[in-house]
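**Student:** Got a sequence here, can you model it:
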Amino acid sequence: MVKDWRGLAEQGARVWAGCRFPVALTGAGISVPSGIPDFRSPGGLWSKYDPQTVCSDWALENNPRGVWEFLLDAVQMFARAKPNAAHKALARLEERGFLQAIITQNIDNLHQQAGSKNVIEFHGSCQKFYCNGCHTEFDPGQALQLTFRDIPWKCHRCSGVVRPDVVFFGEQIPVQALIQSQDLADRADLLVIVGTSGEVAPANTLPYIVKRHGGKVIEVNLGPTNYAGLSDVRIDGPAEEVLPFMADLIIN
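**Tutor:** Modelled structure (predicted):
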């Protein structure tokens with residue numbers, strides 16, 4: 001039986017193949033098939049932890065052990081995850097010249113593991129760790145060796161809390177990521193939205209920038225999003241099936 005998203009995926013592939021500067025915007029949904037649930041969904045980390053008390057600038061100063069109890073969970077989950085077919089399809093499209101860059105809200109490094117080269121990490125990455133006090137960098141492999149007896153992880157130089165290079169609640173998006181994302185949105189004649197419902201600012205403004213200068217938007221998402229009425233082609237289907245299907249059509 002032909003799945004009902006295939007006709008729209010074929011339409012999207014025709015639009016994509018005709019564009020000169022396609023860019024992708026990805027969110028938590030693309031990594032769910034890799035075993036990383038959306039933090040906000042049932043079973044996600046925010047169903048176990050209060051983000052303000054374990055993942056905020058306040059928490060780093062006032063609750064470092066709570067921060068690291070949360071991070072032990074997160075680091076192990078990211079270590080187990082592997083790129084899925086959606087990540088690999090985007091990497092293949094970039095390699096063949098049909099995708100210029102990926103702007104991702106994810107911190108899991110799965111795009112890079114899949115082979116993507118030009119990845120803008122809007123919220124940072126769990127692949128880098130540094131001291132919140134003196135900014136000394138630490139080997140991320142050490143995080144995988146920590147147990148509850150070792151936390152909070154403290155800097156050997158200044159005793160500051162070691163933390164991942166991700167944007168905690170209350171912190172600003174890295175300036176370089178903002179500049180690069182804005183530049184890509186200004187240049188893109190197509191933005192492909194994958195696995196993000198458009199709830200988190202300022203990343204959710206990028207599709208509107210593309211549309212404002214005449215670019216097109218393709219959306220690959222399961223269920224309703226905040227981009228209703230914006231997308232030129234909206235494909236309600238699983239990214240790990242839709243994107244490889246589209247990549248085959250575009251490349252071949």
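**Student:** where's L71, which helix or strand?
**Tutor:** Taking DSSP states H and E as the definition, L71 sits inside helix 64-80.
**Student:** Report the next helix or strand after that helix in sequence order.
**Tutor:** Following helix 64-80 in sequence order, the next helix or strand is helix 85-95 (DSSP H and E).
**Student:** So which other helices or strands are in contact with that following helix?
**Tutor:** Counting by 3 or more C-beta pairs under 8 Å, 6 or more residues apart in numbering; DSSP states H and E, the packing neighbours recorded for helix 85-95 are strand 22-26, strand 101-104, helix 110-114, helix 239-251. (C-beta placed from N, C-alpha, C; glycine too.)
**Student:** what's P202 sitting at in phi/psi?
**Tutor:** Dihedral pair for P202: phi -90, psi 0, per degrees, to the nearest 10.
**Student:** Now it: closest residue in space that isn't a chain neighbour?
**Tutor:** Nearest in space to P202, with sequence neighbours left out and distances taken as C-beta to C-beta, 6 or more residues apart in numbering, is I173 at 6.8 Å.
**Student:** ok, the one you found to G133 distance?
**Tutor:** As for I173, its distance to G133 is 22 Å (criterion: C-beta to C-beta, to the nearest Å).
**Student:** again, but for Q145
**Tutor:** With the distance defined as C-beta to C-beta, Q145 ends up 22 Å from G133.
**Student:** between these two, who's got more neighbours?
**Tutor:** Taking neighbours as other C-beta atoms under 10 Å, Q145 and G133 compare with G133 leading, 16 against 8.
**Student:** Report whether that one is found in a strand, as I expect.
**Tutor:** No: the assignment for G133 is coil, going by DSSP: H, G, I helix; E, B strand; the rest coil, so no strand is present there.
**Student:** Appreciated, that's everything.
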